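[1] please work out how this folds:
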Amino acid sequence: MKQVSHNSSKAASVNGRTLFDFADELAVLVPTSCGRMGHCHECIVEVTSGLEALSPPTEAESFLRGNYRLACQAVISNPEVDVVFSPLRRRPRILTAPASEKPVEMDATVTRRHDRIFYNGEELDRYRGHVYGVAIDLGTTTIVMELVDLETGSTVAVASFENPQRFGGSDVMNRISYDSGPGRGELQKAVITAVNRELQELCSRLSFTRHEIYEIMLAGNSTMRDLFFGFDVHSIGQRPYKSVVEHEYLAGTRTTTALVEKAHKLGVWAHPHARVVTPPLVASHVGADTAADLVAIDMEAQQETVMLVDVGTNTEVVIGHAGKMLAASCPAGPAFEGGLVKYGMPASEGAIESIRLTQRGFEYETIGGAPPQGICGSGLIDLLAELRRHGRITPKGVFTDRSYVMTVVPDYGITFSREDASNLAQAKAANYCGQFIAMRKFGAEPRNISKLYLAGGFANYINVRNSVEIGFLAPVPEDRILKVGNAAIQGAKEMLLSRRKRQAIDELVRRIEHVELETTPDFFEVFVDGCQFKQMPAEFTPERLLEKV
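    Next up, the predicted model:
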């Protein structure tokens, strides 16, 4: 919590400055993805003293109650009153495990012979009582860490927390923009500090030392991974959207896009000679987390056509089998994760996670059973499906009674507007395009998909039928749609324990063809179709099976 001093309040008032300006001066990291325009709702602060010294709430803040304000909108209007505020911190619901555990072959890089520890056959240390490794799923929104016994393959402990890089924006493009500016290096420092804090907590709680951690396997998308390793991520944010590592690989100066670095060089709290390893990138924004997903679903063994959809602010799609694969990334943005929707919010306590329309009105359930504060992604999918099912909204997102806004939860003032629907339509269209174009280019229809794997925390909680009905997911027969939970952490663990798995995925990703959605000749037409709240065609006409040229 930071206090604005009397003098700085007066100076800010004269200049018409906001709480965000104060936060900058006080080095308080407040998140934003909209350039402080009041659209993204990420810069919520709690004002614990001096609320009366602020300007009245703006229309952009009308969704807030009590002593909460948007830092970009709240201006000091009375320089004689001190103001105390702090950024809002919600505890997100984090999926820490795959849908089901499976046996992992043991062929670890780190081994013990009697009282000596070896790394790839090179003596590293004397035996101190444990031989540990750590698998990390470094997501844009959340981070999951799994402490693994490298001798038995068992999971010892799991930790999860919000990605502290949120102050750089809610999606990868905003993180890239932040790191390309004056804040270069701050995002890397923030995430490594957070990882080290969790490692220290594990050491303290389980009574072992950091010197017993000998390897860390980190799965993350191209931006998150390269930020962790300290690479310049600017090139990922501009055409052709490739990491410097991928550029070097394509130029022949690297033999793989997988990375290995000593922990001490990155400042990671482990044995000084421990390695931090990451799987290879697939291509562009389809990163090492997708590679880990493919390990988890045994893509190398798939003989029938399957499709993987890892849903998030950037959704990844992979379709194919061990012999032929296509991959695409879909920049969906934050609409289904709390941004750009007035009463949208992340999946945390108080979020409406499921909803249905009855004769009595909307009935809902919230995370933790708490009073409703807003609607998270799974609830928004339900809401859209229910409105369509009951004829309350057209496929184009227009309310059939011609109103602009409807009340969803009267007692708590939660509403849903046409603007909200428009923002969700565009986010949904990105997911639609990725699946539709990948299937079409592969020459498959939804009925040809033997399994549709849904990976990630968001996908784990969505209602599949509702998602299909509004076109969020391809209309694959429901009994073929499998929620695989946190596949990235499962894949990271498998690679931590198996050298063969690492080699296999490195070979597998070389066979994946990357599809650039925006360069598809009829991309705009497909996107417009995807913006409508209706089911994706179950069968493609001959014209739609062929890309327009």
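[2] which residues of the stretch 351-500 of the chain fall in helices?
    Applying DSSP state H, counting those that start in this stretch to the stretch 351-500 of the chain gives helices spanning 377-389, 418-442, 457-461, 464-469, 487-497, 499-509.
[3] okay, these in TSV with mean pLDDT and distance to Y241 next?
    For every residue, glycine as well, the C-beta is placed using N, CA and C. Shown next, in TSV, are the helices of the stretch 351-500 of the chain (pLDDT from 0 to 100; distance: least, Cβ to Cβ, whole Å):
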stretch	mean pLDDT	distance to Y241
helix 377-389	97	24
helix 418-442	96	14
helix 457-461	89	22
helix 464-469	98	27
helix 487-497	96	20
helix 499-509	97	17
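[4] format those helices as CSV; extra columns: distance to Q303.
    Output for those, formatted as CSV (distance: least, Cβ to Cβ, whole Å):
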stretch, distance to Q303
helix 377-389, 32
helix 418-442, 15
helix 457-461, 24
helix 464-469, 25
helix 487-497, 20
helix 499-509, 14
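[5] mean neighbour count, those helices: which tops it?
    helix 487-497 (a mean of 29; mean count of other Cβ atoms under 10 Å).
[6] any idea how far that helix is from the chain center?
    In this view, helix 487-497 has its centroid 17 Å away from the chain centroid, taken as Cα atoms, centre = their mean, to the nearest Å.
[7] pull the CA atoms of it into CSV?
    What follows is helix 487-497, C-alpha atoms only, in CSV (Å, rounded to 0.1, in the frame of the first residue of the first chain):
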residue,chain,number,x,y,z
ALA,A,487,-1.4,-30.5,-20.3
ALA,A,488,1.6,-28.1,-20.3
ILE,A,489,2.6,-29.0,-16.8
GLN,A,490,2.2,-32.7,-17.5
GLY,A,491,4.3,-32.5,-20.6
ALA,A,492,7.0,-30.5,-18.8
LYS,A,493,7.1,-33.1,-16.1
GLU,A,494,7.4,-35.9,-18.7
MET,A,495,10.3,-34.1,-20.4
LEU,A,496,11.9,-33.4,-17.0
LEU,A,497,12.0,-37.2,-16.4
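[8] tell me what that helix is packed against?
    strand 132-138, strand 142-149, strand 213-220, helix 288-296, strand 451-455, helix 499-509 (3 or more Cβ pairs under 8 Å, 6 or more residues apart in numbering; DSSP states H and E).
[9] spatially central residue in the chain, please.
    T140 (4.2 Å; Cα atoms, centre = their mean).
[10] helix/strand/coil for that residue?
    Following DSSP: H, G, I helix; E, B strand; the rest coil, we place T140 in the coil state.
[11] apart from its neighbours in sequence, what residue is nearest it?
    Counting by Cβ to Cβ, 6 or more residues apart in numbering, T313 is the residue found nearest to T140 once chain neighbours are left out, at 5.6 Å.
[12] please apply the same query to N78.
    A53 (4.0 Å).
[13] and T18, by the same measure?
    Nearest to T18 is V75, by Cβ to Cβ, 6+ apart, at 5.3 Å.
[14] measure the one you found to A425 for me?
    Separation of V75 from A425 (Cβ to Cβ, to the nearest Å): 33 Å.
[15] C-terminal to the helix-or-strand element of the chain with minimal mean pLDDT, what's the next element?
    One helix or strand of the chain scores below all others by mean pLDDT, DSSP states H and E: helix 6-15, with a mean of 38. On the C-terminal side of helix 6-15, the nearest following helix or strand under DSSP states H and E is helix 19-25.
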